[in-house]
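Participant: can you look at this prediction? I've put the sequence above it.
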Amino acid sequence: MKPSTPAILFVCTGNICRSPTAHALLLHKAQRAGFAVEVDSAAISDEERGNPPDPRSVAEALRRGIAMPAHRARQVHAADFERFDWLIGMTQQHCAALRRRAPAEAARKVRLLSEFADAIGGDVPDPWYGGHQAFIEAFDLIDLGVEGLLVQLRRDAV
């Protein structure tokens, strides 16, 4: 029996910088690898609800040849804990907030992006208050984490 398509939800604070970047990267890398995956992103907060990805995130993705999917910021919903196999936070605080919201049986689905790449060494910092370099650095860290995640997903699919 063929395993089901893995479903991943990336989560950050407002769902306009880090999590949409991770979403775009995983879609891009999975497509290049010929690997089917369902991906979305969401926020802990609802303050950016309805807003598109930050133009600085979009610009950095485009600079690297990666198209940001059509997206509007949304908050994590209760149904996400059932729909997704993993809910991946960018920081320890995101993961803690997800675990507080998760039904008991779903708390095990919450993971920190850095778990998939030792080189990250903890949280992916929020680039929102930084300049252009902060977005480059966040993108680089997210790229490392997504690459490690894709390796894990492909390993799990065998």
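Facilitator: On my side now, so go ahead.
Participant: from now on I want contacts and neighbour counts done on CA atoms only, so please keep to that.
Facilitator: Will do.
Participant: show me what the helix of greatest length in the chain is packed against.
Facilitator: In the chain, taking DSSP state H as the definition, the longest helix is helix 132-157. Counting contacts by 3 or more CA pairs under 8 Å, 6 or more residues apart in numbering; DSSP states H and E, helix 132-157 is packed against helix 18-33, helix 55-63.
Participant: could you check the angle that helix makes with helix 18-33?
Facilitator: 50 degrees (axes from the mean of the first three to the mean of the last three CA atoms, to 10 degrees).
Participant: what backbone torsions are found at residue 112?
Facilitator: The phi/psi pair for residue 112 (degrees, to the nearest 10) reads phi -100, psi 130.
Participant: quick check: it touching residue 95?
Facilitator: Yes: if you go by CA atoms under 8 Å, residue 112 and residue 95 touch, sitting 6.5 Å apart.
Participant: give the residues shared as contacts by the two.
Facilitator: 88, 89 (CA atoms under 8 Å, 6 or more residues apart in numbering).
Participant: need the contact list for residue 6.
Facilitator: 36, 37, 38, 84, 85, 153.
Participant: which among those end up buried?
Facilitator: 37, 84, 85, 153 (16 or more other CA atoms under 10 Å).
Participant: hang on, the earlier thing: next step: the contacts of residue 6 restricted to helices.
Facilitator: Per DSSP H, the subset of those in helices is residue 153.
Participant: got the confidence number for residue 2?
Facilitator: Residue 2 carries a pLDDT value of 48.
Participant: now residue 57, nearest residue through space, not along the chain?
Facilitator: Leaving aside its sequence neighbours, residue 57 sits nearest to residue 17 (CA to CA, 6 or more residues apart in numbering; 5.7 Å).
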